[in-house]
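**Student:** After the sequence you'll find the predicted model.
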Amino acid sequence: MPELPEVEVTRLGFAKRIEGARIEAVRLGKPLRWALAVDPAALVGRTVHAVRRRGKYLLVDMDVGLLLMHLGMSGSLRFDTLLPEPGVHDHFDLVTSLGTLRLNDPRRFGAVVYAEDEAAPLAIKLLGGLGMEPLEASFDADRFHAGLRRRKAPIKQVLLAGDLVVGVGNIYASEALFQAGIRPSLSASRISRPRALRLHAAVREILARAVERGGSTLRDFSNVDGQSGYFQLEATVYGRAGEPCRVCATPVRQVRQGQRSTYFCPKCQKY
């Protein structure tokens with residue numbers, strides 16, 4: 001599933017290129033997870049002002065209203081002035097004066113939804129429960145620690161939940177916990193302030209580095225130009241079960257947490 005770094009890489013790939021574009025047509029393919037919630041013809045003639053990100057949602061701001069886009073489990077976006085005819089997995093085309101933005105999603109868990117503004121009930125439903133943005137100044141370390149103290153669940157599960165901090169997906173949670181020296185099964189409420197500060201810094205650093213590397217391509221993620229990400233190639237523990245830890249040479253362990261694979265070093269992450 002594309003996580004925050006992949007979504008941010010996607011945004012950076014077309015945000016400036018589509019800015020100021022006039023919408024000329026909208027094409028819908030097979031139904032996605034949620035309906036568009038507006039007549040596609042009503043979008044024609046509107047102008048794209050900017051593309052923002054909130055968690056794993058892309059927000060396409062127009063002169064009237066906005067589109068909330070989610071890549072789901074297997075979605076990807078392309079933006080170009082010349083794209084081939086839509087294929088069976090191409091479910092949404094936003095045709096503009098500067099190029100076409102196309103959502104390709106084989107599993108159709110992605111979505112494109114219209115809202116009048118971020119105060120609209122539908123936008124609040126999708127965005128209202130999201131936690132702090134880890135790559136922004138608003139990701140406050142003290143608030144992060146206070147949030148951890150209120151949660152008894154394992155720290156890995158708390159990071160994945162998204163209501164305290166958004167976008168720390170499975171690969172990035174494992175990597176951040178390794179960098180902070182924290183065992184994934186430790187109750188979040190037991191993490192001291194100094195260790196919470198280390199984890200706060202690790203989350204920010206891991207996600208920023210992942211964006212620089214173009215995200216992670218574990219199966220089918222690619223950016224708007226069709227290029228794969230490379231962060232997974234430098235992972236310290238994720239996907240390396242049985243291989244020696246890059247720090248201490250102890251074999252990396254793999255366990256299941258909430259039906260997801262977790263990777264950690266039993267020596268570097270004792271507590």
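**Tutor:** On my side now, so go ahead.

**Student:** Contact partners for the nearest residue to A141 once chain neighbours are set aside?
**Tutor:** Among residues not flanking A141 along the chain, H200 sits closest, at 4.5 Å (Cβ to Cβ, 6 or more residues apart in numbering). C-betas here are computed from N, CA, C, even on glycine. Residues counted as contacts of H200 (Cβ atoms under 8 Å, 6 or more residues apart in numbering) are F139, A141, F144, H145.

**Student:** ok, H200 to R149 distance?
**Tutor:** To R149, H200 is 13 Å away according to Cβ to Cβ, to the nearest Å.

**Student:** if we can go back for a sec, who wins on neighbours among the contacts of H200?
**Tutor:** F144 (21 neighbours; other Cβ atoms under 10 Å).

**Student:** Assess the claim that it and P134 are in contact.
**Tutor:** No. F144 is beyond contact range of P134, at 9.0 Å (criterion: Cβ atoms under 8 Å).

**Student:** all strands of the stretch 1-150 of the chain, in order?
**Tutor:** 23-28, 48-54, 57-62, 66-70, 76-80, 90-96, 99-104, 111-115 (DSSP state E, counting those that start in this stretch).

**Student:** Quickly note the distance from F178 to A21.
**Tutor:** 42 Å.

**Student:** more crowded one of the two?
**Tutor:** Neighbour count, other Cβ under 10 Å: between F178 and A21, F178 has more, with 26 against 21.

**Student:** Quick check: the nearest residue to the more buried one once chain neighbours are set aside vs N170, distance?
**Tutor:** With Cβ to Cβ, 6+ apart as the criterion, F178 has its nearest non-adjacent residue at 4.8 Å, and that residue is V237. Separation of V237 from N170 (Cβ to Cβ): 12 Å.

**Student:** who's more crowded, those two?
**Tutor:** Neighbours of V237 and N170, each counted by other Cβ under 10 Å, are more numerous for V237; the result is 26 against 21.

**Student:** Is the more buried one in a helix, a strand, or coil?
**Tutor:** coil (DSSP: H, G, I helix; E, B strand; the rest coil).

**Student:** give me the low-pLDDT residue ranges for the chain?
**Tutor:** In the predicted model of the chain, residues 1, 215-232 satisfy pLDDT under 70.

**Student:** And the helices in it, which stretches?
**Tutor:** Ranges of helices within the chain are 4-18, 121-127, 141-149, 155-161, 170-180, 193-212, based on DSSP state H.

**Student:** out of these, nearest to G258?
**Tutor:** Nearest to G258 among the helices of the chain is helix 155-161; the distance by Cβ to Cβ comes to 5.6 Å.

**Student:** neighbouring contacts of that closest one?
**Tutor:** Residues contacting helix 155-161 (Cβ under 8 Å, 6+ apart): 148, 151, 153, 164-165, 168-170, 173-174, 176-177, 182, 184-188, 191, 199, 203, 257-258, 260, 262.

**Student:** let's go with 6 Å and repeat that
**Tutor:** By Cβ atoms under 6 Å, 6 or more residues apart in numbering, the residues outside helix 155-161 that reach it are R151, V168, A173, P184, L186, A188, Q257, G258, T262.

**Student:** now the second one: how far from D80?
**Tutor:** To tie it back to what came earlier, the one meant is V168. 31 Å.

**Student:** export the helices of the chain to TSV and tack on distance to V26?
**Tutor:** Shown next, in TSV, are the helices of the chain (distance: least, Cβ to Cβ, whole Å):
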stretch	distance to V26
helix 4-18	14
helix 121-127	18
helix 141-149	40
helix 155-161	34
helix 170-180	34
helix 193-212	29
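
**Student:** nearest to G29, of the ones you listed?
**Tutor:** helix 4-18 (18.9 Å).

**Student:** Any idea how far the closest one is from the middle of the chain?
**Tutor:** 11 Å (Cα atoms, centre = their mean, to the nearest Å).

**Student:** And for stretch 48-55?
**Tutor:** The answer for stretch 48-55 is 14 Å, by Cα atoms, centre = their mean.

**Student:** Also stretch 55-65?
**Tutor:** Using Cα atoms, centre = their mean, the distance between the centre of stretch 55-65 and that of its chain works out at 15 Å.

**Student:** Stretch 264-271 too?
**Tutor:** Using Cα atoms, centre = their mean, the offset of stretch 264-271 from its chain centre is 27 Å.
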